[in-house]
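Trainee: Provide a 3D model corresponding to the input given below.
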Amino acid sequence: MFRRKSKLDGNPPKPPTKTEILEDLETFNTNHMNRTRRKDSNFLGELSTFDASKSVLDSTKITKRDRKESGSEQQLEEWWDKFEKFLDDIEKLETYQKQFETKKMNLAKLDETIGLMADDIQTRINDSLGKALAEIPDTDDHDLK
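Mentor: This is a model prediction of the structure:
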């Protein structure tokens with residue numbers, strides 16, 4: 001199905017330079033910071049921005065290309081929102097797992113303590129019962145009649 005080429009086409013691509021990597025990281029951080037700032041803004045600020053952008057969109061004609069770009073931006077924004085929610089959910093899950101393990105260990109300790117207390121109580125009952133039986137005088141069957 002797939003055949004291996006005998007020769008490679010040209011030289012392999014060069015790895016990015018340190019400068020290029022830093023520029024990419026800076027771009028990512030800037031985009032991420034802008035997105036989180038928008039999320040953190042108050043609801044009224046979002047409404048006024050939404051109303052202003054709606055009036056601008058109504059007053060100008062949008063080409064199909066512009067619609068596609070704004071739709072892809074919206075999809076990208078939705079994807080990032082879902083991704084960030086996913087990361088938050090993972091953090092919450094890890095917290096719940098730690099709490100679960102802690103409570104599980106506490107329950108195991110309580111179970112052991114309850115078992116020791118039950119054994120102690122049973123020993124006292126047996127000792128008291130043994131003393132009580134020792135104090136009861138032996139009676140014959142004819143004395144009971």
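Trainee: for Trp80, grab the count of nearby residues.
Mentor: Residues within reach of Trp80, counting by other C-beta atoms under 10 Å, total 15. All C-beta atoms are positioned from the backbone trio N, CA, C, and that covers glycine.
Trainee: what about the helix or strand containing it, average pLDDT?
Mentor: Secondary structure assigned from DSSP states H and E places Trp80 in helix 64-135. Looking at helix 64-135 alone, the average pLDDT works out to 89.
Trainee: so which elements touch that helix?
Mentor: If you count contacts as 3 or more C-beta pairs under 8 Å, 6 or more residues apart in numbering; DSSP states H and E, helix 64-135 packs onto helix 18-40.
Trainee: does Asn11 sit in a helix, a strand or a coil?
Mentor: coil (DSSP: H, G, I helix; E, B strand; the rest coil).
Trainee: need the pLDDT of it.
Mentor: Confidence per residue is given as pLDDT, and for Asn11 that number is 76.
Trainee: neighbours of it, how many?
Mentor: 6.
Trainee: so who does it touch?
Mentor: Applying C-beta atoms under 8 Å, 6 or more residues apart in numbering, we find Asn11 in contact with no residue.
Trainee: phi and psi next, for it.
Mentor: Backbone dihedrals for Asn11, given as degrees, to the nearest 10, come out at phi -80, psi 150.
Trainee: could you list the domains of this structure?
Mentor: Residue ranges for the domains of the chain, per automatic domain parsing: 19-58, 87-135.
Trainee: please report how far Gln122 lies from Leu129.
Mentor: Between Gln122 and Leu129 the distance, using C-beta to C-beta, to the nearest Å, works out to 10 Å.
Trainee: got it, and Leu22?
Mentor: In this structure, Leu22 and Leu129 are 82 Å apart, going by C-beta to C-beta.
Trainee: ditto for Lys14
Mentor: Computed with C-beta to C-beta, the distance linking Lys14 and Leu129 is 89 Å.
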